[in-house]
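Undergrad: have a look; sequence and predicted model below, questions after that.
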Amino acid sequence: MSSVNRIQILSDRVANKIAAGEVVERPASVIKELIENSLDAGATHIEVEVIAGGRKYLCVRDNGHGMSRDDALLSLERHATSKIKDVDDIECVGTMGFRGEAVPAIASVSRLTLTTRLAGDVEGTEINVSGGKIQDAGEAGCPPGTSVTVRNLFFNVPARRKFLRSEQTEVSHIRQVFLVYALANPGVGLRLLVDEREVYNLPAGVQFEDRLRDVYSADLLKTLRTVDYVSGELSLRGFVGVPSLTRGDRSDQYIFVNGRPASAPAVWGGLKEAYRGLLAKDRHPVLFLFIDMDPSLVDVNVHPTKKEVRFRHPGTVRDALVEGVRKSLSGSSSSSVGMPGPSGTTVGAEPFRRPVVQIENLPAAAVFQYPRIPFEARDEKPGERSDDHAKAGIPAEERPWSWSRVVGQVGGLYVLLETEEGLVVMDPHAAHARVLYERLLKELADSSVESQGLLTPEAVELPPKDALRVRKGLGALQSMGFGISEFGGDTFIVDALPACLGDVAAAPLLIDLAQSVEEGGARAGVQKWAGERIARSVSRSAVASRDRLTLEEIEKLVVNLGKAEMPYTCPHGHPTLFFMSYSELNRKFGKT
Amino acid sequence: MKFTVNKELILEALQKVQAIVNPRTTLPILSNVLFQSDGKKLTLSATDLEVSVRTSIDAKVDKAGGTTLPARRLLSIVRELPSAEIEVDTDEKDIASIKCGPSFFKLVGISEDEFPPPPKFEGGKSYKMEQGVFKEMLQKTGYAASTDETRYILNGVLLSFQGEKLIVVATDGRRLALVEQEVEFPKKSEGDLVVPSKTVNELIRTLGDEGELTIQATENQVAFEFDDILIISKLIEGTFPNFRQVIPAQCEERVTIEREILFTALKRAALLTNDQSNSVKLLFTSNKLQIVTETPDVGESKETIPVKFSGKDVSVAFNPEFMMDPLKCLQSDEIHIEMTDELSPGVIKADVPFLYVLMPMRMS
């Protein structure tokens, strides 16, 4: 019997094709890899061009440092890279890529042309590869930098080709990738051409804020809050959306770890905690966050396309996110971009919006001029009551509006307000709930912690995982009013419980709290149990949806809501108000 | 069936049974009262499957039989009816015609066959005692039971028939109320029963002040029979915690206070507590008790009560509700408070065999 060798080493071509399965999923992933390479090559201008959703043709041109001919040839070999030299370099990698997989992988599933020239060289190099085989390599005239053209992607992988979606879908994926890198690198000029039509042309050397304005709109910027938070080695910058600006999914959440679009469970956890009580269920905030830290504290070599990273100290990242995002949401951030914000208006100054049209027989409200002293409502007919608010003494940045006027009530419930920036529709019920919630939270924070002793100390034995959490959070639990101490092994002795919890059993409570303490840090644990309890009692005492409110009550509510820390949502996460700017109104009426 | 009944009699009977009817039940039949008659007496029954109550009244029965009628609605009708005699006649579809003077109602009922059969009750232990005595024992303890459903064993009152005594205990883990009473019963009937709070409340409502009460118990059920009423209830299964270990063997200081004065002072002090801060501080100094409330953003209160006290100064904080509960249902003029320090349990005693242990609150 002849021996049959069943196991053999795969050829590089096969290996590359397998790698392509991981790295090259669709045209957008090719764009991603190529843009990353361009960025790593120090490009200041990158041009992306696609035709027919990238299936037929896609090209990424840059003005980076380019490659010599030898380098260019070598770059098509698997695991050939200029970015790292040793395993240790991965630990502190500062470039986007380092695996040396992408280009050969792309080359193995397409017809690829690589054109490159070092700035100092007289002539450039052009290499044609088809299905991973180098067809020819010659000289070519070209500007300095590198240009990679990929034609007929997946021409030799019919299975993959079948899984490509419609042209529009692929283009939208490409745009998404393009945007991610455009946002991550405001210093780099980027241009996107789809089917020979310019979609984006973003100038180089701008600030993130400008890039955001270019990519999105100036209106979006107004609903964002600046985040600028430094905690030890970690810095957190960017923008977060106010809670009224939400999406059904996470597509408008851009998180960059050391400039790399990536994420990690710790980040989601932190964000969830930061927005706790501010969002309705299954809503996600819009955000653009840059997390920067020592590269050795992040492991990026987790995922082939590096979508996910691993933090050495996830807790620190999470706490920083909670702290930083909360801080800017609460409006105390000094560089607030602001929701119907006080942009440009000084405290107390009332913008005088001259009526464009004067309606003859409309009562005074339509041409009402805003006096500084409270307007006498009794002169008005019901329904056209109006008033303004002298709100001197409150710093403008902490309020959603620095000036407002109650226009009236609609639908027997919603209150219409005119503010300096536009129209606000407020739900008085939700607003009242928010105001009460914050007052009670504050009272709770101010009051001393009371704990009710137990007749018989309860020995609580916890599963090992929960026991570990409780042990870690022992201090936090004690400060919450638990009389708790270790009793050896995974058992704890509880001899007192927070008095405000009422009639409850110790063990399930402890497990529950241990989990929330771990998820959100000690602060979150305390806030959560207090907050949830309060939220429940608040909804009971808040103005019933159908109650009639007097103008004075609404005014008081508007003032109080203006002073609230998180004015935009009720404690259950429903919005308290929505805002329509004058520019939006103008746009809706076709005026610009 | 067809019967004529006195309004006051049926009203009283309906009020006795309807309290355990759950208006939001998923089984419609449980919202109804069962009417049955063998020709002489009229029997009314209601159940929530845990507790069932049955009572009999005199009625002129023209046609024997049975039906069920919605309890709450019937009660409201009967309450508003004008004259003394009510005639009820049901057809084969269980629609009842109710005639009373000038008023006439038709009420849709459900067949008696759908009503859950009464729990079978055989043998077991048996005890006899005065209704009034038992009622008072329940009143003095029932409020201390826990309402936290996860600690089901504490959701009721322990009846411990041991030696020649009945000890009734209830606790929620923070305070414990105990009364004892000498009762005669055969040695073989010794044992512990834990009666659910719902049943206890029904007993407090229906037990009279005089007359005999018979208690019968099996492994998992208990029956209370008195006057014309029979209450059958499930027992809470499990072992009640050892209440003796939480009763302090001795306390360092003891003070006697007039119950009414302490109660009203606490009531006033409690006016200044809120959800976040629900404690009153008791400061015992030489011949003086001060009750102090300090609640941030609400205010402060101070009550001074002269007492005979010469021990060391003690300052201890309690939940005022927990302190007032026993004072409400005691009758004695004076009560005794025993305590040691701010962390040890306080004990309230009266000249009757009553004991109340209360854990203090700690501030940080």
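TA: That came through fine. In this text the structure is predicted, and so the values were computed from the model without any measurement.

Undergrad: from here on, contacts and neighbour counts on C-alpha atoms
TA: Fine.

Undergrad: what does the stretch 101-250 of chain B put close to chain A?
TA: B:146, B:147, B:148, B:150, B:151, B:172, B:173, B:174, B:175, B:246 (C-alpha under 8 Å from any C-alpha of the partner chain).

Undergrad: so which pair among the residues you listed is furthest apart in space?
TA: Using C-alpha to C-alpha, the pair of these lying farthest apart is B:150 and B:246, separated by 21.2 Å.

Undergrad: from the residues of the stretch 101-250 of chain B next to chain A, pick the one nearest residue A:53.
TA: When these are compared for distance to residue A:53 (C-alpha to C-alpha), residue B:150 wins out at 59.5 Å.

Undergrad: is it true that that closest one touches residue A:505?
TA: Yes: the pair residue B:150 / residue A:505 is scored as a contact, 7.0 Å apart, by C-alpha atoms under 8 Å.

Undergrad: neighbour-wise, which of residue B:150 and residue B:246 wins?
TA: More neighbours surround residue B:246 than the other of residue B:150 and residue B:246, with 18 against 12 (other C-alpha atoms under 10 Å in any protein chain shown).

Undergrad: ok, the more buried one to residue B:175 distance?
TA: Note on residue B:246: its distance to residue B:175, by C-alpha to C-alpha, to the nearest Å, is 10 Å.

Undergrad: ok and the residue in chain A nearest chain B?
TA: residue A:452 (4.4 Å; C-alpha to the nearest C-alpha).

Undergrad: just give the nearest non-adjacent residue to that residue, would you?
TA: Nearest residue to residue A:452 in three dimensions, chain neighbours excluded: residue B:361, at 4.4 Å (C-alpha to C-alpha, 6 or more residues apart in numbering or on different chains).

Undergrad: secondary structure class for residue A:221?
TA: helix (DSSP: H, G, I helix; E, B strand; the rest coil).

Undergrad: burial of it, as a residue count?
TA: Neighbours of residue A:221 (other C-alpha under 10 Å): 20.

Undergrad: that one against residue A:210, yeah?
TA: No: applying C-alpha under 8 Å as the test, residue A:221 and residue A:210 come out as separate, 9.6 Å apart.

Undergrad: need the overlap of contacts for residue B:246 and residue B:175.
TA: Contact criterion C-alpha atoms under 8 Å, 6 or more residues apart in numbering or on different chains; residues shared by residue B:246 and residue B:175: A:455, B:357.

Undergrad: circling back to that earlier point, show me what contacts the residue of chain A closest to chain B?
TA: Contacts for residue A:452 (C-alpha under 8 Å, 6+ apart) come out as A:496, A:497, A:498, A:499, B:174, B:359, B:360, B:361, B:362.

Undergrad: surely the fourth one meets residue A:450?
TA: In other words, residue A:499. Yes: with contacts counted by C-alpha under 8 Å, residue A:499 reaches residue A:450, the gap being 5.5 Å.

Undergrad: and what about residue B:263, helix, strand or coil?
TA: Classification of residue B:263 by three-state DSSP places it in helix.

Undergrad: how does chain B divide up, domain by domain?
TA: Here the domain parsing of chain B from automatic domain parsing is B:2-114, B:125-244, B:247-358.

Undergrad: would TSV of these with distance to residue A:103 and mean pLDDT be doable?
TA: What follows is these, written out as TSV (distance: least, C-alpha to C-alpha, whole Å; pLDDT from 0 to 100):
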stretch	distance to residue A:103	mean pLDDT
domain B:2-114	66	90
domain B:125-244	61	92
domain B:247-358	63	90
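
Undergrad: can you get me a residue count around the residue in chain B that chain A sits nearest to?
TA: In chain B, the residue that lies nearest chain A is residue B:361 (4.4 Å; C-alpha to the nearest C-alpha). Counted with other C-alpha under 10 Å, the neighbours of residue B:361 add up to 27.

Undergrad: swap in residue A:299?
TA: By other C-alpha under 10 Å, 18 other residues sit near residue A:299.
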